[in-house]
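Undergrad: Generate coordinates for the sequence data below:
(one chain, ligands or ions: 1)
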Amino acid sequence: MNDALQSWGRYPRARQRVIRLRDRFAPLPALESHALPRGSGRSYGDVCLDDGGTLLDARGLDRFIAFDPATGVLRCEGGMLLGTILDFCVPRGWFLPVVPGTRFVTVGGAIANDVHGKNHHASGSFGCHVRAFELLRSDGHRFTCTDADNADWFAATLGGLGLTGLIIWAELQLRRVPGAWFDTETLRFDRLADFFELSAQSARDHEYTVAWVDCTARGAALGRGVFSRGNHAAPPAGADAPRPARLRMPFTPPFSLVNGASLRAFNTFHFHRAPKLVRRASRHYLPWLFPLDHIREWNRMYGPRGFLQYQCVLPPATAQDGVRELLERIAASGTGSFLAVLKQFGGMPSRGLLSFPRPGTTLALDFANQGQRTFELLDRLDDVVAGASGAVYPAKDARMSGERFRQYFPGWRQFEAFIDPAFSSGFWRRVSL
Ligand SMILES: Cc1cc2nc3c(=O)[nH]c(=O)nc-3n(C[C@H](O)[C@H](O)[C@H](O)COP(=O)(O)OP(=O)(O)OC[C@H]3O[C@@H](n4cnc5c(N)ncnc54)[C@H](O)[C@@H]3O)c2cc1C
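TA: Numbering: from 1, shown residues only. Modelled structure (predicted):
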């Protein structure tokens with residue numbers, strides 16, 4: 001048993017046997033008990049953990065299989081990192097149509113959580129651009145899934161949390177771009193209502209939008225933040241690509257560096273540093289789309305107890321009141337994160353039975369794990385989300401109850417029939433009890 005492979009939030013801890021997969025033509029190894037496919041472990045909670053079981057570490061399945069430079073159709077193995085795909089395709093004038101906030105994520109992991117990016121309102125989720133994949137089941141059966149062939153397996157596996165089988169390879173439709181750069185705009189907003197107005201205006205002309213929100217602000221300033229938007233663009237004259245990140249959090253401090261005082265100081269500073277009026281800039285995609293990748297292992301700053309991320313989505317009809325209530329509860333708790341993200345999801349339907357993205361407003365924050373205090377706060381946030389007919393994101397979760405999960409994801413009933421009998425996860429055992 002090995003406790004080296006944890007999730008990004010480093011909570012909960014799990015002890016697992018790890019088998020590294022390298023050959024896409026090989027059968028699955030013999031399994032002693034339950035098992036779970038594993039990508040880069042960039043999920044925050046327990047969807048990528050299988051305490052007492054076996055992790056099928058897919059990062060060795062990382063080869064390109066085919067690429068058509070005329071159509072942008074790429075086939076690669078399931079353990080390939082999105083960053084490796086971008087390194088390959090951006091110089092050729094192609095881009096992944098959807099990327100999350102880190103490029104250290106595998107194709108299999110991106111499919112299994114049906115991840116979203118800053119362009120959800122324009123391009124939907126990752127699964128909207130998956131043309132096909134091959135699934136390997138623990139009984140040795142392997143088959144190709146598209147939305148025409150094995151369409152029910154296709155829908156169960158997009159957002160299927162790794163439980164339907166191992167994704168061996170996938171075929172993705174890339175999109176054309178003029179280069180590695182973005183024309184971006186940044187401006188600050190003073191209250192929550194302004195975020196909704198800015199999002200509506202920006203969605204018309206900007207493919208990518210996202211806002212940082214000051215989760216410590218209260219009263220009239222509640223929901224104030226900084227809005228960013230951008231579009232793919234040709235490189236500016238004389239532009240150089242940024243150097244790869246060298247910063248690294250060198251060790252895990254004995255306690256969390258994130259506390260009430262550091263949060264208030266950072267949030268106030270970050271808000272006031274942002275421009276009042278629109279500031280335009282050309283930005284390379286690496287720092288603009290993946291700002292957190294700049295500091296390796298930043299998750300260590302939360303100390304040995306780790307942290308919990310909370311990401312929810314609220315439908316349009318309840319979003320404004322619901323987000324206000326969530327922010328009030330978070331600010332009153334005196335806890336929260338440096339990085340609180342607000343974003344409007346668009347109307348393009350997700351194709352997965354358990355996909356998280358749906359029309360509405362999504363809010364995401366990190367919370368240092370302070371034990372019962374943190375869990376009680378997150379339960380109070382769940383009350384708001386459930387009352388607003390919203391949902392919490394399994395990829396970022398480590399504690400939602402089975403009752404809440406079934407309410408947020410009514411597709412679970414159909415989904416159960418597709419679970420591989422040898423596969424399980426900490427998340428699934430918790431929510432299916
Ligand atoms: C800094 C940061 C920013 C992020 N930003 C976003 C964001 O903007 N949007 C968003 O949606 N998510 C975001 N995430 C979450 C991340 O994109 C997802 O958790 C993603 O699924 C992680 O992929 P992974 O390769 O690390 O997979 P893991 O976390 O290892 O696994 C995730 C799931 O995929 C399954 N899986 C992995 N490989 C396979 C395979 N080959 N076959 C079958 N199943 C498999 C696992 O069983 C598990 O259920 C972010 C995470 C971080 C750390």
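
Undergrad: Now name the helix or strand holding A170.
TA: Element membership of A170 [criterion: DSSP states H and E] is strand 166-173.

Undergrad: Does anything pack onto that strand? Which helices or strands?
TA: strand 73-77, helix 107-112, strand 130-136 (3 or more CB pairs under 8 Å, 6 or more residues apart in numbering; DSSP states H and E). Every residue, glycine included, has its C-beta placed from N, CA and C.

Undergrad: Would you mark the buried spots in the longest one?
TA: Put plainly, it is strand 130-136. Across strand 130-136, burial judged by 16 or more other CB atoms under 10 Å covers V130, A132, F133, E134, L135, L136.

Undergrad: element containing F405, please.
TA: helix 402-408.

Undergrad: Y310 in helix, strand or coil?
TA: Under DSSP: H, G, I helix; E, B strand; the rest coil, Y310 falls in the strand class.

Undergrad: If it is in a bridge, with which residues?
TA: Legend: beta-bridge partners of Y310 under DSSP bridges are L365.

Undergrad: what's it in contact with, if anything?
TA: Y310 makes contact with A364, L365, D366, F367, L378, L381, V392, K396, D397 under the criterion CB atoms under 8 Å, 6 or more residues apart in numbering.

Undergrad: would you list the buried residues of strand 130-136 in JSON lines and tack on pLDDT and distance to the ligand?
TA: JSON lines is the format used below for the buried residues of strand 130-136 (pLDDT from 0 to 100; distance: CB to the nearest ligand atom, whole Å):
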{"residue": "V130", "pLDDT": "98", "distance to the ligand": "12"}
{"residue": "A132", "pLDDT": "99", "distance to the ligand": "14"}
{"residue": "F133", "pLDDT": "99", "distance to the ligand": "9"}
{"residue": "E134", "pLDDT": "98", "distance to the ligand": "10"}
{"residue": "L135", "pLDDT": "98", "distance to the ligand": "8"}
{"residue": "L136", "pLDDT": "98", "distance to the ligand": "9"}
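
Undergrad: From those, pick the one nearest R142.
TA: Distances from R142 to the buried residues of strand 130-136, taken as CB to CB, are shortest for L136 (4.6 Å).

Undergrad: so how far is G160 from D152?
TA: 11 Å (CB to CB, to the nearest Å).

Undergrad: neighbour-wise, which of those two wins?
TA: G160 (28 against 12; other CB atoms under 10 Å).

Undergrad: ok now do that one, which residues does it touch?
TA: Contacts of G160 (CB under 8 Å, 6+ apart): A112, G352, L353, L354, F415, F418.

Undergrad: ok, and the closest non-adjacent residue to the fourth one?
TA: Counting by CB to CB, 6 or more residues apart in numbering, L354 lies nearest to G159, which is 4.4 Å off, once chain neighbours are set aside.

Undergrad: wait, doesn't that neighbour sit right on F356?
TA: Yes: assessed by CB atoms under 8 Å, G159 is found in contact with F356 at 6.7 Å.

Undergrad: tell me, what's touching the two both at once?
TA: In contact with both G159 and F356: N113, D114, S350, using CB under 8 Å, 6+ apart.

Undergrad: Need those residues in JSON lines (columns: distance to N231).
TA: Below are the shared contacts of G159 and F356 laid out as JSON lines (distance: CB to CB, whole Å):
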{"residue": "N113", "distance to N231": "26"}
{"residue": "D114", "distance to N231": "24"}
{"residue": "S350", "distance to N231": "23"}
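
Undergrad: So, low pLDDT: which residues of the chain?
TA: 244-245 (pLDDT under 70).

Undergrad: what are the ranges of the helices in it?
TA: Along the chain, counting by DSSP state H, helices occupy 82-89, 107-112, 120-123, 151-157, 192-205, 260-273, 285-289, 316-333, 372-387, 402-408, 412-415, 426-431.

Undergrad: how long is stretch 327-341 end to end?
TA: 12 Å (CA to CA, to the nearest Å).

Undergrad: contact partners of it?
TA: The contact list for stretch 327-341 (CB under 8 Å, 6+ apart) reads 192, 210-218, 222-223, 225, 258, 260, 263, 266-267, 270, 292, 362-368, 370, 373-374, 377, 380-381, 384.

Undergrad: Would you mark the buried spots in stretch 339-358?
TA: Within stretch 339-358, the residues that qualify as buried are 339-346, 350-358, counting by 16+ other CB under 10 Å.

Undergrad: what do you get for stretch 260-274?
TA: L263, R264, F266, N267, H270, F271, A274.

Undergrad: and these as TSV, adding distance to E297?
TA: Shown next, in TSV, are those (distance: CB to CB, whole Å):
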residue	distance to E297
L263	21
R264	25
F266	19
N267	23
H270	22
F271	27
A274	27
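
Undergrad: What is the nearest of those residues to P100?
TA: Nearest to P100 among these, with distances taken as CB to CB, is H270, at 21.8 Å.

Undergrad: was I right about the closest one contacting A217?
TA: No: the pair H270 / A217 is not scored as a contact, 11.2 Å apart, by CB under 8 Å.

Undergrad: what's near enough to touch the nearest residue to A112 once chain neighbours are set aside?
TA: In this structure, A112 finds its nearest non-sequential neighbour in G162, 4.6 Å apart by CB to CB, 6+ apart. Shown in contact with G162 (CB under 8 Å, 6+ apart): L36, P37, R38, V47, C48, G108, A112, F423, S425.

Undergrad: mind checking the end-to-end distance for stretch 206-217?
TA: Stretch 206-217: ends 27 Å apart by CA to CA.

Undergrad: when you scan that stretch, is anything in it near the ligand?
TA: No: using CB under 6 Å from any ligand atom, stretch 206-217 never reaches the ligand; the gap is at least 8.7 Å.
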